[in-house]
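Asks: got a sequence here, can you build the structure:
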Amino acid sequence: MQFRTTLAGLAVMALALPAAADTLDLNLSSDAFGVTYIRELPPEGLEAGAGLLYHDDDGHLLEAQMHLVDQPEPGRDALLLGLGGKLVYADDDVRDATGFSLAIGGKLNWTLPQYNRAAVGASLYFAPSVTSTSDIDGYQSYAVQGEFKVLEDARIYLGYRHVELSFDGASDRTFEDGVYGGIRLDF
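Replies: Numbers count the residues shown, from 1 in each chain. Here you go, the predicted model:
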């Protein structure tokens, strides 16, 4: 019941954001399903979003994120960087633990200059114990993926991700680790 209430709250929050360019990202691994919705906000370069990573055996993570996204080299579209953070709610079924973590980090997307349909993306986020609450004592995640633009506003990708949770009085535990694939739609 708590999961449904939290998911409904994230959906209402995403719909309340002002109209702008939107991105919907759907991905799968052998044990997990992820969905993320991102919306550009004024001023230019600011984006906010919400996401869910549901693991078949381990529970789920709900994320609210905000980034400042820009091109470090104006005039070239090859590299796009985003710096910001995520507020992550973890509901870990294995340890029967719940809690929040405020993670800082960033993401990048580099389009190959000679072949603009292909790109490489990566992300890295970290939350120490000082920015974590309840049963959760820390959070870290990283991912790397190769992308291919199949349509002007649609990409497919294949990558590797690792998500780890730390707990009060217990050892760290890998929440998700492995290969995943998905699609990203811009509209």
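Asks: and Leu80, what element?
Replies: strand 79-92 (DSSP states H and E).
Asks: the following helix or strand past that strand to strand 79-92, inter-axis angle?
Replies: The C-terminal neighbour of strand 79-92 among helices and strands, as given by DSSP H and E, is strand 97-111. Strand 97-111 runs at 160 degrees relative to strand 79-92, counting by axes from the mean of the first three to the mean of the last three CA atoms, to 10 degrees.
Asks: list the contacts of strand 97-111.
Replies: Contacts of strand 97-111 with the rest of the structure, by CB atoms under 8 Å, 6 or more residues apart in numbering, involve 67, 77-92, 118-127, 131-136, 138-141, 147, 165, 167. From N, CA and C alone the C-beta is placed, and that goes for glycine too.
Asks: which residue packs closest to Arg95, ignoring adjacent ones?
Replies: Spatial nearest neighbour of Arg95, chain neighbours left out: Phe167 (5.9 Å); criterion: CB to CB, 6 or more residues apart in numbering.
Asks: tell me the contacts of that neighbour?
Replies: Phe167 is in contact with Asp92, Arg95, Ala97, Asp135, Ile136, Asp137, Arg173, counting by CB under 8 Å, 6+ apart.
Asks: can you pick the most crowded of these?
Replies: With neighbours taken as other CB atoms under 10 Å, the top of the contacts of Phe167 is Ile136, carrying 24 neighbours.
Asks: next, the residue of the chain most remote from its centre: secondary structure please.
Replies: Within the chain, the residue lying farthest from the chain centre (CA atoms, centre = their mean) is Gln114, at 28.0 Å. Following DSSP: H, G, I helix; E, B strand; the rest coil, Gln114 is assigned to coil.
Asks: report pLDDT for it.
Replies: Looking at Gln114, its pLDDT reads 84.
Asks: likewise for Gly49?
Replies: Gly49 is assigned 97 on the pLDDT scale.
Asks: pretty sure it is touching Arg39, no?
Replies: Yes: between Gly49 and Arg39 there is a contact under CB atoms under 8 Å: 6.5 Å.
Asks: of these two, who's got more company?
Replies: Using other CB under 10 Å as the criterion, Gly49 and Arg39 rank with Gly49 on top: 24 against 18.
Asks: from the middle of its chain, how far away would stretch 107-121 be?
Replies: 19 Å (CA atoms, centre = their mean, to the nearest Å).
Asks: could you dump that stretch to CSV, C-alpha only?
Replies: Extracted in CSV, the C-alpha atoms of stretch 107-121 (Å, rounded to 0.1, in the frame of the first residue of the first chain):
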residue,chain,number,x,y,z
LYS,A,107,25.6,12.1,-16.0
LEU,A,108,27.1,12.5,-19.4
ASN,A,109,26.3,11.7,-23.0
TRP,A,110,28.9,11.8,-25.7
THR,A,111,27.8,11.5,-29.3
LEU,A,112,30.4,10.1,-31.7
PRO,A,113,31.5,13.0,-33.9
GLN,A,114,31.9,10.9,-37.1
TYR,A,115,28.7,8.9,-36.6
ASN,A,116,26.0,11.0,-34.9
ARG,A,117,23.5,8.2,-34.5
ALA,A,118,25.7,6.5,-31.9
ALA,A,119,26.5,7.7,-28.4
VAL,A,120,28.0,6.6,-25.0
GLY,A,121,26.3,7.5,-21.8
